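Novice: Compute the structure for the input listed below.
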Amino acid sequence: MRSIAASFFAASLLAACGGPPSDLCGELVVDPETDSCQCPEGTERGDDVWTCVLPDGGTIRDPNAPDASRDAGPDDAGPIEVDSGTDAGVDTDAGVDAGEPDGGCPDLVWYRDRDRDGFGVDDDSVTGCAAPDGYVAEGGDCDDECTTCTPFASEICDERDNDCDGTPDEGLPQVTCYRDRDGDGFGDEMTTPMMACACPDGWTQMGAPFDCGDREAAAFPGQTEYFARRYCPANGPTTTCFIGSDGQPSPGSYDYNCDGRANARYRPASAFGCGDSGGVCTGPIYWTREQEAATCGTTVRPATCERVAGVCTKVEAAPTTQTCR
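Specialist: Predicted coordinates:
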């Protein structure tokens with residue numbers, strides 16, 4: 001009955017238009033007996049009477065088929081029927097599908113993003129039509145207090161897991177770091193060094209020459225100042241000095257420049273003298289009474305070279321404490 005209806009409609013259309021049947025049938029063929037459009041040889045009429053099915057599964061549509069987007073009416077000659085909201089693909093509900101709130105907006109998952117880096121944490125999420133403030137569509141953030149830590153970031157040397165793979169600072173060039181407790185920039189060779197992409201606080205890349213007292217910031221290789229007190233020369237993980245009755249560490253050291261000995265500032269008089277060169281009175285500071293340098297930390301009477309009554313001579317200064325380095 002559907003095929004008869006289609007053929008009848010096509011024949012009527014061809015007669016009404018008055019044009020050559022071959023122009024109105026498109027890729028279909030004209031039945032000369034009925035002046036109607038028919039499927040070509042080798043094809044079959046589909047479930048839709050306006051469609052011919054090719055052997056390879058393709059289709060040819062009758063150009064005279066009615067517009068499927070129109071509702072079916074009593075005057076439509078085609079066999080296409082449109083049920084009231086029951087055909088596949090036709091939505092007659094008031095815009096409310098399963099999983100969608102009123103208005104057709106679907107419920108989506110949004111993740112909390114405290115550091116505003118575009119990625120939220122998986123264990124803090126909400127659902128809704130739109131993202132609340134501070135929430136984003138992407139999860140997977142491993143550190144929501146680190147703006148440089150996201151699932152697709154590159155690792156940088158900051159002791160944090162930037163690429164969220166579970167390991168901080170992996171794959172970066174490494175340097176050797178030595179313990180530097182006093183922060184003078186020189187390392188302690190008695191403490192096991194560590195490898196890192198950058199030395200953290202309390203560590204330094206400076207190795208040899210090593211620090212001779214890693215608990216005294218004033219003691220380091222190359223120190224040029226003199227000091228009147230001892231320091232604790234202990235290196236390694238354990239302090240080996242205690243405070244003596246004089247309030248100074250014991251055992252202690254005056255070797256502040258780490259050359260292996262205590263160098264006194266004031267020298268014995270027998271070693272130096274004043275000199276007059278080109279009218280300039282010169283000479284180092286030296287002892288006036290002692291012939292040998294006094295022990296570090298003891299009282300001495302130094303002298304300087306000055307011109308007195310036109311003569312370059314030594315002039316005693318007030319007593320002071322012998323300093324060393």
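
Novice: how about L108, what does it touch?
Specialist: Residues in contact with L108 (C-beta atoms under 8 Å, 6 or more residues apart in numbering) are 127-129, 131, 137. The way it works is simple: take the backbone N, C-alpha and C, and place the C-beta from them, glycine included.

Novice: Ok, Y111 next?
Specialist: If you count contacts by C-beta under 8 Å, 6+ apart, then Y111 has 119-122, 124-125, 135-139, 141 around it.

Novice: again, but for R307
Specialist: Contacts of R307 (C-beta under 8 Å, 6+ apart): 276, 281, 313.

Novice: How much space separates it from G275?
Specialist: Distance of R307 to G275, given as C-beta to C-beta, to the nearest Å: 12 Å.

Novice: Now for these two: what residues contact both?
Specialist: Residues touching both R307 and G275 (C-beta under 8 Å, 6+ apart) are C281.

Novice: still on that earlier bit, counting only strands, which of the contacts of L108 make the cut?
Specialist: Using DSSP state E, 127-128 are the members of the contacts of L108 that sit in strands.

Novice: Can you say which of the contacts of L108 are buried?
Specialist: A131 (16 or more other C-beta atoms under 10 Å).

Novice: out of the contacts of L108, what pair is the most spread apart?
Specialist: Using C-beta to C-beta, the contacts of L108 span at most 12.5 Å, a distance reached by C129 and A137.

Novice: and which of the contacts of Y111 is nearest to D35?
Specialist: A137 (60.7 Å).

Novice: what sits against the closest residue to C39 other than its chain neighbours?
Specialist: Once flanking residues are discounted, C39 sits nearest to C52: 3.7 Å by C-beta to C-beta, 6 or more residues apart in numbering. Going by C-beta under 8 Å, 6+ apart, C52 touches 28, 39-40, 43-46, 59-60, 62.

Novice: Would you map out the domains in the chain?
Specialist: The chain breaks down into these domains under automatic domain parsing: 1-92, 94-171, 173-248, 269-321.

Novice: and the spatially closest residue to D169 that is not a sequence neighbour, how far is that from D188?
Specialist: Spatial nearest neighbour of D169, excluding adjacent residues (C-beta to C-beta, 6+ apart): C197 at 5.0 Å. C197 sits 21 Å away from D188, going by C-beta to C-beta.

Novice: Right, I'll leave it there.
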